[in-house]
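Visitor: give me a model of this one.
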Amino acid sequence: MGTVIDVQVGALEETRKVLHEELSVIVGAAAKLTQVVRIERIVAAADFASVVATAVAETGRGGRRPAGEPHILSVPGRTGWVMVLHPRLFGPGFDAHIRHALYWHELTRLVHKMTFPALLRGKVDRERVLMGELYRAFGEYDAARKAWAWRDALVRDALHEELSGRAVDDFVRSLAGQAAVALGHGREDMARRLNDTLRKDGDVAGFLSVMRGMVVQRTVALALAWAGMDHAPDKALEVAGALRDGLPVAAQPLLSFFRNRHVSGVTDLREGVALLDALWQAWGLHLADGPDGLTALPVEPF
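Guide: Next up is the predicted model:
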């Protein structure tokens, strides 16, 4: 049985037909990946929360829900994944060219979910945490590059169109936003204060509760900024310069590692753990294994 397309948005029947045709494109592309991941249903939801809740209730396998409401959320169905699209995707801030990239990004995330190792099961130690966040960051880098490449090829070769101005503006704006988060202006002062406090009071739990989330956020944002920079260098000259000047020296080896793994298709990332660890230490987070489990050490000169 093929993927079911359920379009609930759009006041006019003609609008729903156009959106059905749009979603048929990603369904056709996803059909080539059925040995790895199967899309059971795609729902362009009018009521996002209700559709997600119903899908989870049908199988009881929804897992942990992310904070807020993402553009797209995929939950396990009976015979594959149910991909739920938020109604804002079909509002004035988006067009088909933007959505095509988002569809493929989500599809690539699902492929990663089925092929990357499950690393956060069992004892949580330094290497397991670093490895898990390395896979998360690389997964976003790889998914973003593949999504933009697929979208651009679709627009150029199948639709015979120029990439829309709105899609170009969205790309540039998103790239600048991710770079700003990655550079974390003001975060160095916060990291310095947190390390000073850790050095004085030894409150590892309090330190990690703030520092770990901040560093993970910067890492994922950096991965997405790098992906945009590598996908369209001509549109990322300013961002590339800012990243080159504002990132620690330890970032460059990690970027080279991501590029290598993306091009080669190799998904064994163990060699990158030390590279991520070096970047995190440059940002003020030094994870270690203590007698009671994961701990953190103060970083100098923070």
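
Visitor: quick one: contacts of stretch 266-279?
Guide: Contacts of stretch 266-279 with the rest of the structure, by CB atoms under 8 Å, 6 or more residues apart in numbering, involve 115-116, 127, 130-131, 133-135, 137-138, 219, 248, 250-251, 253-254, 257-258, 260-261, 287. For every residue, glycine as well, the C-beta is placed using N, CA and C.

Visitor: try 7 Å
Guide: By CB atoms under 7 Å, 6 or more residues apart in numbering, the residues outside stretch 266-279 that reach it are 115-116, 127, 130-131, 133-135, 138, 248, 250-251, 253-254, 257, 261.

Visitor: ok so M214 is a strand residue?
Guide: No - according to DSSP: H, G, I helix; E, B strand; the rest coil, M214 belongs to no strand; its state is helix.

Visitor: that one: how many residues sit nearby?
Guide: 17 (other CB atoms under 10 Å).

Visitor: go on, R173?
Guide: The number of residues packed near R173 is 10, by other CB under 10 Å.

Visitor: ditto for the one 3 residues further on
Guide: The local packing count at A176 equals 15, with neighbours defined by other CB under 10 Å.

Visitor: which elements pack onto the strand or helix carrying it?
Guide: Element membership of A176 [criterion: DSSP states H and E] is helix 165-183. Helices and strands touching helix 165-183, as assessed by 3 or more CB pairs under 7 Å, 6 or more residues apart in numbering; DSSP states H and E, comprise helix 96-115, helix 204-231, helix 237-246.

Visitor: relative to L85, which of those helices is closest?
Guide: Set against L85 and scored by CB to CB, the helices and strands packed on helix 165-183 come closest in helix 96-115, at 8.1 Å.

Visitor: one step back: which positions within the helix holding A176 qualify as buried?
Guide: Using 16 or more other CB atoms under 10 Å as the test for burial, helix 165-183 gives A167, D170, F171, V172, S174, L175, Q178, A179, V181, A182, L183.

Visitor: state the distance from the third one to D234.
Guide: Right, F171. Look at F171 and D234: by CB to CB, to the nearest Å, they are 11 Å apart.

Visitor: circling back to that earlier point, Throw the buried residues of helix 165-183 into TSV and include pLDDT and distance to P87, thanks.
Guide: TSV is the format used below for the buried residues of helix 165-183 (pLDDT from 0 to 100; distance: CB to CB, whole Å):
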residue	pLDDT	distance to P87
A167	97	19
D170	96	18
F171	97	22
V172	96	25
S174	96	20
L175	96	25
Q178	97	24
A179	97	29
V181	96	26
A182	97	30
L183	96	33
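
Visitor: among these, which pair sits farthest apart?
Guide: A167 and L183 (24.7 Å).

Visitor: re earlier: of the contacts of stretch 266-279, buried ones?
Guide: For the contacts of stretch 266-279, buried by 16+ other CB under 10 Å: F116, L130, M131, E133, L134, Y135, F138, A250, A251, L254, F257, R261.

Visitor: which of these fall within helices?
Guide: Using DSSP state H, L130, M131, E133, L134, Y135, F138, A251, L254, F257, R261 are the members of the buried ones among the contacts of stretch 266-279 that sit in helices.

Visitor: list the contacts for the fourth one?
Guide: This means L134. Counting by CB under 7 Å, 6+ apart, L134 has contacts L269, G272, V273, L276.

Visitor: what's the closest of those to G241?
Guide: Nearest to G241 out of the contacts of L134 is L276 (CB to CB; 23.6 Å).

Visitor: just say helix, strand or coil for that closest one.
Guide: Relying on three-state DSSP, one would call L276 helix.

Visitor: oh, and call the first residue 712 from now on, that's how I've got it
Guide: Sure, I'll start counting at 712 from here, so that last one is L987.

Visitor: so what's the residue count around it?
Guide: By other CB under 10 Å, the residues close to L987 number 23.

Visitor: surely I716 is within a helix?
Guide: No - I716 is assigned strand when assessed by three-state DSSP, not a helix.
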